[in-house]
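Novice: Structure of the sequence below:
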Amino acid sequence: MMERARRKPPATRLYAAAANAPATCLVADSPHSGRKYPDDFNYAVTLGELRQAEDAHVDRLFSFLPALGVPLLTARAPRSYVDANRADSVSAAWIRAEAKGENPDYTPQEGGLIRSPATPRHTAPVYSRTVKLSEAFNRVSTYHKPYHARLAALIDKTAKAHGSVVHLNLHSMPSTTHRGTRKSKYDIILGTRDGETADDHYLQKLRKLLEAKGYKVGLNVPGFRGAEIVRRHGNPAAGRHSIQVEINRALYMNEKTLRRLPRMKQLQTDLEDALRSFRTYCDAACAYAQKSAPKKDSPRI
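Specialist: Numbering: from 1, shown residues only. Below you'll find the predicted structure:
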C-alpha cells in the first residue's frame, strides 16, 4: 500500500491590497499567526499547550489592511514548528555535516529557531524524540527561507514603486512579563532595535496615533525591541523602515483558551483608524524623500 503523502501547508499567504485601494508605501507581515500544523511535526505536548506559542488572531485583527491598500503577508506554519523571526542558523552546520556524511542531532532551544518548550512559560518539552539536523534544515528550506524571500520581494517591489517603504512586523504579546509574574505596563509596544531599523519620525508618529486612541504605548522595551525580521529587512539608509508592533493579547482574546473577546472589534476599529492616518503620513514622507533624492543621472558638482 502506498504511504499517504505528508501534508505540508504552503509557507506563506499574501493578502494583496484591494484593487480599488490607493497605492501606498506601507506593507505588513504577521510571521507568528500560522496555525497549519504539518504532519511531520510529531510533537509530544498537547495541541492546546503548543498553540500558546501562536500570535493567535493577529492576521484577523489586521484583516482590514488590504482595504487600506496595505498588503499583508502571513506565515502558514506555526512558529513552534519553525520561527521565521529567528536567524537561520542551520544552513552552515548542515553543509559541514553533509560534507562529512553525517546527520547529527539538532537541539531545540527555548525561544529559538526550532523551540522547546513551546514558550518560556511552559516546562514540558515539545519533543519526546530526537530531532535531526536534516529535519531542522528541511523546515528552514521549506518555510523559513520562502517566507523571507517573499517578504523581501514585497518590500523590494514597494520600494521600487515609491522610492522607499515602511514595513510593519505584526505580533501579539502576553499581558504579563517576567514569565507571568508581573502585569505588563503597555497595551502596545513598538520596536526598531533602538533606531536601527526605522527612522525615528515614523516610530513617533505611530506612537502618537495609537496614544490618541487611549492606548499605553512603549518604545523599544527590552525583550520587544525587534528581532530577526526587522533586523534583516529594515535599512533606513536605503529607505527601508521596519517597525515591530506588539499588541497585548488581553485586549482582544482569552489568553488561555485563545477565544476572541467582543472587545476585539473596538481594538480593530482603533487600529484601522490609526493605521489609515499612518498610511497617509508614510505616503507623504516617502513621496518627499523620493522627490528630494538626488537623480542618478544628475552631474556631480
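Novice: can you pull out the strands in the chain?
Specialist: For the chain, the strands defined by DSSP state E occupy 12-15, 26-30, 72-75, 105-106, 131-132, 165-173, 176-177, 182-183, 188-191, 217-219, 240-248.
Novice: Make JSON lines out of those strands and add distance to residue 256.
Specialist: Any C-beta I mention is one placed from the backbone N, CA and C, and that applies to glycine too. Formatted as JSON lines, the strands of the chain follow (distance: least, Cβ to Cβ, whole Å):
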{"stretch": "strand 12-15", "distance to residue 256": "27"}
{"stretch": "strand 26-30", "distance to residue 256": "22"}
{"stretch": "strand 72-75", "distance to residue 256": "23"}
{"stretch": "strand 105-106", "distance to residue 256": "31"}
{"stretch": "strand 131-132", "distance to residue 256": "28"}
{"stretch": "strand 165-173", "distance to residue 256": "14"}
{"stretch": "strand 176-177", "distance to residue 256": "12"}
{"stretch": "strand 182-183", "distance to residue 256": "16"}
{"stretch": "strand 188-191", "distance to residue 256": "21"}
{"stretch": "strand 217-219", "distance to residue 256": "24"}
{"stretch": "strand 240-248", "distance to residue 256": "15"}
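Novice: Quick one: closest of the ones you listed to residue 55.
Specialist: Judged by Cβ to Cβ, the one of the strands of the chain that comes nearest to residue 55 is strand 165-173, at 4.3 Å.
Novice: helices and strands around that closest one, which ones?
Specialist: strand 26-30, helix 58-61, helix 145-162, helix 228-233, strand 240-248, helix 264-292 (3 or more Cβ pairs under 8 Å, 6 or more residues apart in numbering; DSSP states H and E).
Novice: Just checking: what are the partner strands of it?
Specialist: strand 26-30 (parallel), strand 240-248 (parallel) (DSSP bridges).
Novice: residue contacts, residue 123?
Specialist: residue 117 (Cβ atoms under 8 Å, 6 or more residues apart in numbering).
Novice: so residue 251 touches residue 263, yeah?
Specialist: Yes: using Cβ atoms under 8 Å, residue 251 is in contact with residue 263, at 6.9 Å.
Novice: who's more crowded, those two?
Specialist: Taking other Cβ atoms under 10 Å, residue 251 and residue 263 do not tie; residue 251 has more neighbours (19 against 12).
Novice: who touches stretch 62-75?
Specialist: 11-18, 21-24, 26-34, 59, 84, 143, 147, 150-151, 154, 170, 268, 271-272, 275-276, 279.
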